[in-house]
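*Asks:* Let's see this in three dimensions:
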Amino acid sequence: MTRAELENLVRAGQIRAEAFDQGEFDGLLRSGRARLRDARSHRLSLESRFDLAYNGVHALALEALRRRGYRAANRQIVFQALPLTLGVATSVWRVLAKCHGLRNAAEYEGALDIDDRLVLALIAAADAVDAALTGKDAD
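*Replies:* Here you go, the predicted structure:
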């Protein structure tokens, strides 16, 4: 989690420095956690659960980047930067990268090929990100 590695992303145009904003930080954390809570509801459709989990973990990952004084140039880089911002395992951001690709297919092509196992993996990855934010081990 070195500043030099994040600065490399600045030079590559993937992120930019931007002052920390406590209100934004609090809002992202609150929004991310609320969406993740709702994503656990089996009363919702699988597609809704996926959307809630994806957007919830995106808010948490963005919050981690913003906490360090950076903003991403695109949605995917917030997931790719997680090993730098929170020290999460590569396996976590790989799940998130896969889900990002599926989210894009759904948004731009109307195709969402998901199953319960993937949604559970997404929620588990989100839990790992949230645990890293709070300094706790994910269950």
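*Asks:* Just list the residues touching the residue nearest to the spatial centre of the chain, thanks.
*Replies:* Residue closest to the average C-alpha location in the chain (Cα atoms, centre = their mean): H58, at 3.0 Å. Neighbouring residues of H58 by Cβ atoms under 8 Å, 6 or more residues apart in numbering: 32, 75, 78-79. For glycine as for every other residue, the C-beta is placed from the backbone atoms N, C-alpha and C.
*Asks:* Three-state assignment for A126, please.
*Replies:* Look at A126: counting by DSSP: H, G, I helix; E, B strand; the rest coil, its state is helix.
*Asks:* what are the ranges of the helices in this structure?
*Replies:* Secondary structure of the chain (DSSP state H): helices located at 3-11, 22-39, 46-67, 75-80, 82-85, 90-109, 116-134.
*Asks:* Reformat those as CSV; add mean pLDDT.
*Replies:* Below are the helices of the chain laid out as CSV (pLDDT from 0 to 100):
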stretch, mean pLDDT
helix 3-11, 89
helix 22-39, 95
helix 46-67, 95
helix 75-80, 90
helix 82-85, 92
helix 90-109, 91
helix 116-134, 96
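*Asks:* quick one: G13 and A72, what's the gap?
*Replies:* In this view, G13 and A72 are 11 Å apart by Cβ to Cβ, to the nearest Å.
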